[in-house]
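S.K.: Need coordinates for the following:
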Amino acid sequence: MADLIKATLPFTKKRIGKHYQWKFELDILFAWCEANGAELFLTYAPYQVAKIIGDGFKIVAYPHKTSACHHHMRLRDEGSKNKRRAEEVMETLDRLDNVRGCTFSRHHNLSRLLK
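M.R.: As a prediction, this is how the structure comes out:
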């Protein structure tokens with residue numbers, strides 16, 4: 001976990017650097033984590049913005065650019081022991097974006113959907 005930095009407020013440009021463009025999303029993730037007993041870590045691993053780590057689940061938030069050049073943040077499970085809880089968390093965060101105008105979307109595992 002050397003590439004992880006525990007997220008703390010405030011998210012200023014000086015403190016979060018290249019992730020500042022995702023400040024709005026990070027604010028929402030941080031608030032959700034505090035309210036639900038999870039921890040938010042910023043990561044500087046390639047193609048990742050943050051990790052949400054809670055009881056039995058680990059979710060990665062990563063940037064995504066659509067073919068129409070729109071940018072949003074996607075969420076995916078990263079080896080969670082409790083897959084059902086990870087799916088519930090991603091579902092909750094996916095619903096939050098409709099309420100707050102955020103840009104989360106879940107990365108759907110196509111092989112699972114085709115079963």
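S.K.: From the contact counts, what lies against the lengthiest strand in the chain?
M.R.: Counting by DSSP state E, the longest strand found in the chain is strand 57-65. In terms of contacts (3 or more CB pairs under 8 Å, 6 or more residues apart in numbering; DSSP states H and E), strand 57-65 is packed against strand 50-54, strand 71-77, helix 83-100. Where C-beta positions appear, they are placed from N, C-alpha and C, glycine not excepted.
S.K.: looking at this structure, which helix or strand does the model trust least?
M.R.: In the chain, no helix or strand scores lower on mean pLDDT, DSSP states H and E than helix 110-113, which sits at a mean of 40.
S.K.: Could you find the closest non-adjacent residue to the residue positioned nearest the centre of the chain?
M.R.: Per CA atoms, centre = their mean, the C-alpha nearest to the average position across the chain is that of A61, at 3.0 Å. Nearest residue to A61 in three dimensions, chain neighbours excluded: A50, at 4.5 Å (CB to CB, 6 or more residues apart in numbering).
S.K.: ok, that neighbour - contacts?
M.R.: A50 sits next to 7, 19, 22, 26, 29, 40-43, 60-61 when contact means CB atoms under 8 Å, 6 or more residues apart in numbering.
S.K.: I'd like to know which of these are buried.
M.R.: With burial judged by 16 or more other CB atoms under 10 Å, the buried subset of the contacts of A50 is 7, 19, 22, 26, 29, 40-43, 60-61.
S.K.: Count residues in the vicinity of I59, would you?
M.R.: When neighbours are counted by other CB atoms under 10 Å, I59 registers 23.
S.K.: just K58 next, same as before
M.R.: If you count neighbours by other CB under 10 Å, K58 ends up with 18.
S.K.: So it sits against K51, correct?
M.R.: Yes. If you go by CB atoms under 8 Å, K58 and K51 touch, sitting 6.3 Å apart.
S.K.: quick one: low-confidence ranges for the protein?
M.R.: Along the chain, segments meeting pLDDT under 70 span 1-5, 7-15, 70, 97-115.
S.K.: Swap in 90 and give it another go.
M.R.: For the chain, the stretches with pLDDT under 90 are 1-32, 42-50, 61-79, 86-115.
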